[in-house]
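Novice: coords below, sequence missing:
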């Protein structure tokens, strides 16, 4: 169905006179107060292939990780962000997860597409979802290692392909370009209070309170984020369930 302009308010990352990457980096850092830093990026390889800018030829996440500066340099300072991307305008935007920023759960891209349909069927509201050709990343309210450990301990089984990005972790945000391809928003960030298609507004799941903006009350323009428990519950349920034909998991982990 064609969306009618003006019906849904989205968080715009575009500003006139700036590149899309530096505009997005400044939005994350200064408006959302999410600490960011430039990723290592890509360098020319053999033929049309581009390789990771780090020294490891078999890098697992080409272009999509911190290198120089390191992760601890992530900041919300506008001057530092401008300086970084003025000198490296094509550098990927790396978010230091946890703490004041969002945390995340990621899974393989094919499973991610099926998972989003499962969330919609279950009436569970999702926050921003970052998609790359290889993995999809679901942003959630920041969680501690203790909270995550207890959550996973209470599950009978957790898919091994899930990755958890909390304190000390990182993810790449749009519109970054990395080895697998370009990062984009599969589910765009929505402000607190905005309705979300496929889920009941104000609740994550029946009987479970809704999420919030990272950083708690007064987070301003920050996007709404769900709790990690609601996200993991659905992912585990759907990966353990079997479809009506084939006898396999509903999510192909």
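Specialist: Looks like it arrived, so ask away. These figures come from a predicted structure and were not determined experimentally.
Novice: could you pull out the helices for the stretch 101-250 of the chain?
Specialist: 109-122, 145-153, 228-240 (DSSP state H, counting those that start in this stretch).
Novice: Any chance of those in CSV with mean neighbour count and mean pLDDT as columns?
Specialist: Where you see a C-beta, it was placed from the backbone N, CA and C, and this is true even at glycine. What follows is the helices of the stretch 101-250 of the chain, written out as CSV (neighbours: other CB atoms under 10 Å; pLDDT from 0 to 100):
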stretch, mean neighbour count, mean pLDDT
helix 109-122, 18, 92
helix 145-153, 13, 93
helix 228-240, 21, 88
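Novice: Between those helices, which one is closest to residue 182.
Specialist: helix 109-122 (12.8 Å; CB to CB).
Novice: can you put the helices of the stretch 101-250 of the chain in JSON lines and add distance to residue 221?
Specialist: Below are the helices of the stretch 101-250 of the chain laid out as JSON lines (distance: least, CB to CB, whole Å):
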{"stretch": "helix 109-122", "distance to residue 221": "24"}
{"stretch": "helix 145-153", "distance to residue 221": "26"}
{"stretch": "helix 228-240", "distance to residue 221": "22"}
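Novice: Out of the ones you listed, flag the one nearest residue 20.
Specialist: helix 109-122 (22.3 Å).
Novice: what's the angle between that closest one and helix 228-240?
Specialist: 110 degrees (axes from the mean of the first three to the mean of the last three CA atoms, to 10 degrees).
Novice: Could you pull out the strands in the stretch 51-200 of the chain for me?
Specialist: Listed in chain order, the strands of the stretch 51-200 of the chain (DSSP state E, counting those that start in this stretch) span 93-96, 103-108, 129-131, 135-140, 163-165, 170-173, 177-178, 181-182, 184-187.
Novice: Could you say which one of these comes nearest to residue 87?
Specialist: Nearest to residue 87, of the strands of the stretch 51-200 of the chain and by CB to CB, is strand 93-96 at 14.4 Å.
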